[in-house]
Structures are given as structure tokens and as C-alpha cells.
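A.B. asks: Sequence plus predicted model, see below.
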Amino acid sequence: MIEALSFEFIQHALIAGILVSFAAGIIGSLIVVNRMVFLAGGIAHASYGGIGLAVFFGLPIFLGASLFAVGAALLISSLTLRKRHRIDTFIGLIWAVGMAIGVIFIDMTPGYNVDMMSYLFGSILAVSTEDLYFMGVLLAVILFVMTFWYRDILAVSYDSEYAALRGVHVRFFYTLILILAALTVVVSIKVVGLILVIAMLTIPVYIAEKLSHSLFSMMFLSGLIATLFTLVGLWFSYTYNLTSGASIILISAASLGAFLLFYRGK
């Protein structure tokens, strides 16, 4: 594996893995404490509509997927803010419609033979320099938001009614969490694919939650754990010539199994 570090695509894969892992650790923690795990899968599949539109109109894939995912997040926010008990229904609908739009537009693209596997299971070895810029900017935005609005987001995540009584703008922060989750899902698709993105956003967070006593420590620790899983998964996939996204998730799942077997904490 050491000699592979001389290749630019391996260097890009490692940097992308670290950037996305920390973004997924932070946003995954918010998704879990807000009970929005199904949302991650819904946005991931809905963003396939953006991939289809980008392919059809000749736009950058990240741009199309990001715009579509953010649009889906805004729609979910407007539909569920006052009816959060119906969120599963709306997400399921957006999930199906987004996928259908993506498939139809890819079918309509003349002469285009899309590599479905790269979107379903990730293509971290194909990360470009522009992709790294996008991932780096997203992580910087997430860190900025969490630094300046940590207490407000903490209040909204654990007790939105109490937060509203304190004067916190619940709608704004609820929507902001959804938008950041949507963008994190999009960059995670590049690493593990839309089929496996839920596992990347939840397995490290579950382990970190058991070892943490605050949301901040949970975010930081889950980022470290996700990074470890990603790096080990990349090594495993390179060594045995396997799909990187699936390898990362299998390493994560095996680690979770070992953790549950030996951990006797809370």
C-alpha cells in the first residue's frame, strides 16, 4: 500500500476519505440525535434525479446532485416542520420520485452509457481535484456553522419546543441541518455510493455515541472513527482488489459487531 501513495488518484482518495469522514461524522451525529436516519437515505436516492439532470444537460455531476439534494431538503423542511410525525411518508415519496427522474433523464440522454455502479457503490478512486475543493469547502462550512451556532443547534436537536421558547429560530436551524445533511450525503455518494451512504452516516456515530457524554465529543469522535474505517477500507480494497465503497462499509460493520460484542457500557 505504501508504494501506491505515489499515485495521484490514491492521494486524492485518501484526502477525500478524510474530508468526507469528518463531514459525515458531524452531520451524521445531527441526523441521529434528530432521528432523521431515514432522511439520509431519502436524500441520497432523491439526488439521483440531480445526477440524471446533470448528465442530460451536460452539467457537473456534483452540481446537479447538490442542487437537487438541497431542493429535496428544502421541500422536506417545508412539509415536515409542523408535521414531523409524517416525515417518513414525505421522504419515501421524494425518494421514489427523485430516483425515477434520474433514470428517465439518463435514458433520454443520447449516446450516454452511465456507469450505475459508480453512483450506487461509490467511486472514491476517481475523485478529481475539483471534487476535493467541493469537499473541503463543505467541511469548512460545517465547521463554521457548528462553531458559531453550536448551542442553538444543540437546543433544536434535543428539544425544539424549549428552543423556540428561548427565542431560537427553530425553522432556520432545522432547515440548515437538512441542507448540510443533503450536501454531506452528496459528497458521501462519491465515497460509498447512494446505496451505502446511510451506513457511513450512522455506524461511526453509533459507536461514538456510546463513548461520548456530549454532542460535541460525539461529533469529533465519530469523525475520527469514520476516518479510520475509511482508511482501513481503502487499504483492504487496494490489497484484495475489491470495490472501495463496499469495503469501507464492511470494515465499518465488522468493527461495529466487534464493538457490540466487547463493549459493556451504557
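C.D. replies: Received it, and whenever you're ready, just let me know what you need.
A.B. asks: quick one: contacts for the closest residue to residue 30 other than its chain neighbours?
C.D. replies: Distances taken as CB to CB, 6 or more residues apart in numbering put residue 177 closest to residue 30, at 5.4 Å, once the chain neighbours are dropped. Where C-beta positions appear, they are placed from N, C-alpha and C, glycine not excepted. Going by CB atoms under 8 Å, 6 or more residues apart in numbering, residue 177 touches 27, 30, 34, 36, 153, 156-157.
A.B. asks: ok, and the most crowded of these?
C.D. replies: Among the contacts of residue 177, the one with the most neighbours (other CB atoms under 10 Å) is residue 27, at 29 neighbours.
A.B. asks: what about the nearest residue to that residue once chain neighbours are set aside, which SS state?
C.D. replies: Closest residue to residue 27 apart from its sequence neighbours, by CB to CB, 6+ apart: residue 184 at 4.2 Å. Here residue 184 is helix, with the state taken from DSSP: H, G, I helix; E, B strand; the rest coil.
A.B. asks: residues contacting residue 184?
C.D. replies: Counting by CB under 8 Å, 6+ apart, residue 184 touches 20, 23-24, 27-28, 138, 142, 201.
A.B. asks: so which of these is the most crowded?
C.D. replies: residue 24 (33 neighbours).
A.B. asks: From residue 204, how far off is it?
C.D. replies: 7 Å (CB to CB, to the nearest Å).
A.B. asks: Could you tell me which residues touch both of the two?
C.D. replies: 222-223, 226.
A.B. asks: mind checking how far residue 172 is from residue 141?
C.D. replies: Residue 172 is 15 Å from residue 141, by CB to CB.
A.B. asks: Averaging pLDDT per element, find the lowest-scoring helix or strand in this protein.
C.D. replies: For the chain, using mean pLDDT, DSSP states H and E, the weakest element among its helices and strands is helix 116-120, scoring a mean of 67.
A.B. asks: What is whatever helix or strand comes next after that helix packed up against?
C.D. replies: As assigned by DSSP states H and E, the chain's next helix or strand after helix 116-120 is helix 129-148. Judged by 3 or more CB pairs under 8 Å, 6 or more residues apart in numbering; DSSP states H and E, the packing partners of helix 129-148 are helix 8-33, helix 61-80, helix 170-192.
A.B. asks: out of those helices, nearest to residue 134?
C.D. replies: Judged by CB to CB, the one of these that comes nearest to residue 134 is helix 61-80, at 5.5 Å.
A.B. asks: Low-confidence ranges, this structure, go.
C.D. replies: 1-5, 81-87, 112-117, 120, 264-266 (pLDDT under 70).
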